[in-house]
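*Asks:* one predicted model, sequence on top.
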Amino acid sequence: MASAAAGLGGVLLAFPALQLAMKGIGTHYLLWLAWKIARSGSPQLHAKIAKPTGFVGAIWLVWQNPKGWAMTLGAAASFASLAAGPMDLAFMLGASFGIAASLSLSFWCVAGLLLARLLRTDAQWHVFNALLGALLAVSILQLWLE
């Protein structure tokens, strides 16, 4: 993702008006995702478990993840003006995403275990998912408040 930010950083520095378009597209995608999350139900615990993805497969999966692209493009659009050049932007975003991902994954692993113990009924899962969807939708505001 850092390499994508480096290339995108150069484009955004050359065409600052493109940032607005990217924010709009990102906003629409995140609102759609918030709606999908809010309408989802409880996890399917008895579904067949697929074979775990290996290291190379996981790297390939990162490049196919639309949320990762939306996050990278949104961050590059939002923070391009803070970097002196594309490589500075790539380093800044790569370091920030790496640290944030490590902390976030650790938190969500623990939180997921706790939530699985607390949320027992479908109704509880629906309320929880609606709350998460609403929080995602509200978080979009920070993208537009500069």
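*Replies:* That came through, no problem. Numbers count the residues shown, from 1 in each chain.
*Asks:* only C-alpha atoms for contact and neighbour calcs from this point on.
*Replies:* Will do.
*Asks:* now do the one helix or strand K23 maps to: which elements does it pack against?
*Replies:* Assigned by DSSP states H and E, K23 belongs to helix 18-38. When contacts are defined as 3 or more CA pairs under 8 Å, 6 or more residues apart in numbering; DSSP states H and E, helix 18-38 packs onto helix 66-79, helix 122-139.
*Asks:* tell me the most buried of the ones you listed?
*Replies:* Greatest average neighbour count among the helices and strands packed on helix 18-38 goes to helix 66-79 (a mean of 19), per mean count of other CA atoms under 10 Å.
*Asks:* what's the angle from it to helix 18-38?
*Replies:* 140 degrees (axes from the mean of the first three to the mean of the last three CA atoms, to 10 degrees).
*Asks:* what angle do the helix or strand just after helix 66-79 and helix 66-79 make?
*Replies:* Using DSSP H and E, the helix or strand that follows helix 66-79 in sequence is helix 86-118. Between helix 86-118 and helix 66-79, the angle comes out at 130 degrees (the same axes, to 10 degrees).
*Asks:* for helix 86-118, which positions count as buried?
*Replies:* Neighbour-count burial for helix 86-118, counted by 16 or more other CA atoms under 10 Å, picks out 86-94, 97.
*Asks:* cheers, nothing more for now.
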